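1. just the structure for this:
(one chain, ligands or ions: 2)
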Amino acid sequence: MDKLVSSWYNDQSLPESYIFPPHERPGKLLVPRCNTVPVIDLSDTRTNLVHQILKASQEFGLFQVVNHGVPPNIMSETMSVFHKFFELPAEDKASLTVYTNDPKRCKLVTSTLDYDREKIHLWRDVLRHPCHPDCIEFWPRKPLRYREVVAACSIEAKKLGLQILELLCEGIGIEHGYFEHELTEDLLLRANHYPPCPDPSLTLGIPKHFDPDILTILLQEHISGLQVLKDGEWIGVRPIPNAFVVNIGYILQVISNNKLKGAEHRVVTNSSDHRISVVFCMNPAGNSNIEPAKSVVTATNPPLCRGFQFKEFLDNFYSMEGDADLALQPFKL
Ligand SMILES: O=C(O)CCC(=O)C(=O)O
Ligand SMILES: [Fe+2]
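-> Residues are numbered from 1 along each chain as shown. Ligands and ions are numbered 1, 2, ... in the order given. Purely as a prediction, here's the structure:
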């Protein structure tokens, strides 16, 4: 792996290997930090919530939630732990950057896991690990409260995700509890660190993608950067204090037989501020069977694909360089 971008970003202009082709670059146009991404108040009545979450998931695939019941101190301590983590001296992070393909292990990389083969690098460092209790022994030991704080936050993120999935089930007519076990068994954490960038118009923190999961629960701060594609236009996701961003993953789009829309999103960089996002991905177990839910399939809405194992899809996803539509292709009917 190459050096973390956070260790050299200050020293030079943007290296060629970070420059995206013209049609993918964000350019100089400031994307408005619109108010149009739905913000859902989870203390509303159940009937209203089902309606609003369904509408947001069909139109945007992405929304923010407030009054969600996650204690604000858990959210702020989590952000603070990741700030401290990314500020640790290189020697403290060195053991996490060692190559390993053990899925239980924690990994800290720059750009993506595929740094050596990818054509263009992403302007970010990323720490990733599973959240399962069996994996905690591999989590960072520093900063001191990492394990305690991140464990508390991951429990809350999963609870929140399951609550939102229940509302979605009710909205599209999938039976209660459908996502409760295997389909959300693996909670994965990704903490992204985007240092200030010498030329944000030419590069990206993450290019356009779908998350290859069921649901993503994301914590950000006051620095913007996340954008969602809506009707061919990029819309900025305005940071709101104490909100979580929720986006529909590609696999949930498949299970809903396209009734829900996976969010296509990307991350732009900026020239003055470090940005950190903490992302919890609700993933199915590798061997779980993914297929359009029987209750959403009808004669007029036939299944878009056959059943497949989640790990088959993921293998395709990574070999197709993160193109979810191509990864689904072999299973389409
Ligand atoms: O940094 C963000 O706001 C989004 C991160 C993201 O899309 C991802 O990690 O998949
Ligand atoms: Fe994402």
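
2. for the rest of this, base every contact and every neighbour count on C-alpha atoms.
-> Noted.

3. so what's Ile217 up against?
-> For Ile217, the residues meeting the contact criterion (Cα atoms under 8 Å, 6 or more residues apart in numbering) are Ala157, Gly161, Phe244, Val245, Val246, Asn247, Val279, Phe280, Cys281.

4. which strand or helix spans it?
-> Taking DSSP states H and E as the criterion, Ile217 maps to strand 215-219.

5. measure Leu108 to Asp186 for me?
-> When distances are taken as Cα to Cα, to the nearest Å, Leu108 and Asp186 turn out to be 19 Å apart.

6. those two: which is more packed in?
-> Taking neighbours as other Cα atoms under 10 Å, Leu108 and Asp186 compare with Leu108 leading, 24 against 19.

7. near ligand 1, which residues of the stretch 151-300 of the chain?
-> Counting by Cα under 6 Å from any ligand atom, the stretch 151-300 of the chain comes close to ligand 1 at Asn192, Asp211, Leu226, Arg266, Val267, Ser277, Val279.

8. distance check, the second one against Gln64.
-> Distance, Asp211 to Gln64, by Cα to Cα: 16 Å.

9. swap in the fifth one?
-> Shown here: Val267 relative to Gln64, a distance of 16 Å by Cα to Cα.

10. next one: the fourth one
-> Look at Arg266 and Gln64: by Cα to Cα, they are 16 Å apart.

11. then the third one?
-> Plainly put, Leu226 is 12 Å away from Gln64 if you go by Cα to Cα.

12. do the first one as well
-> When distances are taken as Cα to Cα, Asn192 and Gln64 turn out to be 19 Å apart.

13. kindly report the same for the last one.
-> Distance of Val279 to Gln64, given as Cα to Cα: 14 Å.

14. please save the CA atoms from the lowest-mean-pLDDT helix or strand in the chain in CSV.
-> Using mean pLDDT, DSSP states H and E, the weakest-scoring helix or strand in the chain turns out to be helix 90-93, at a mean of 88. The C-alpha coordinates for helix 90-93 follow below in CSV (Å, rounded to 0.1, in the frame of the first residue of the first chain):
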residue,chain,number,x,y,z
ALA,A,90,2.0,6.9,11.7
GLU,A,91,3.7,4.4,14.0
ASP,A,92,0.5,3.9,15.9
LYS,A,93,-1.4,3.2,12.7
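
15. run through the neighbouring helices and strands of it.
-> When contacts are defined as 3 or more Cα pairs under 8 Å, 6 or more residues apart in numbering; DSSP states H and E, helix 90-93 packs onto no helix or strand at all.

16. out of the contacts of Ile217, list just those in strands.
-> Under the assignment DSSP state E, the contacts of Ile217 contribute Phe244, Val245, Val246, Asn247, Val279, Phe280, Cys281 to strands.

17. near the fifth one, how many other residues are there?
-> Other residues near Val279 number 22, with proximity taken as other Cα under 10 Å.

18. again with the third one
-> The burial count assigned to Val246 is 23, neighbours taken as other Cα under 10 Å.

19. that one: what's it in contact with?
-> Taking Cα under 8 Å, 6+ apart, we find Val246 in contact with Leu62, Phe63, Gln64, Val65, Leu215, Thr216, Ile217, Leu218.

20. so the residue nearest to it when sequence neighbours are not counted bridges to which residues?
-> When the adjacent residues along the chain are set aside, Val246 lies closest to Ile217, with 4.8 Å between them (Cα to Cα, 6 or more residues apart in numbering). Here Ile217 sits in beta bridges with Val246, Phe280, as judged by DSSP bridges.

21. for Ile217, give me the pLDDT.
-> As predicted, Ile217 sits at a pLDDT of 98.

22. measure it to Glu233 for me?
-> Ile217 is 23 Å from Glu233, by Cα to Cα.

23. Thr184 now?
-> When distances are taken as Cα to Cα, Thr184 and Glu233 turn out to be 31 Å apart.

24. now tell me what touches whichever strand or helix holds Ala327 from outside.
-> Following DSSP H and E, the helix or strand that holds Ala327 is helix 324-328. The list of residues contacting helix 324-328 from outside it, by Cα under 8 Å, 6+ apart, reads His209, Phe210, Pro212, Tyr250, Phe313, Leu314, Asn316, Phe317, Met320.

25. and for the last one, the neighbour number?
-> The one in question is Met320. Residues lying near Met320 (other Cα under 10 Å) number 13.

26. again with Ser288
-> The number of residues packed near Ser288 is 16, by other Cα under 10 Å.

27. hmm, it is touching Phe313, no?
-> No - with contact defined as Cα atoms under 8 Å, Ser288 does not reach Phe313; the gap is 10.9 Å.

28. identify the contacts common to these two.
-> Jointly contacting Ser288 and Phe313 under the rule Cα under 8 Å, 6+ apart is no residue at all.

29. regarding this structure, what is its longest helix?
-> helix 146-172 (DSSP state H).

30. between that helix and strand 215-219, how big is the angle?
-> For helix 146-172 and strand 215-219, the angle between their directions (axes from the mean of the first three to the mean of the last three Cα atoms, to 10 degrees) works out to 130 degrees.
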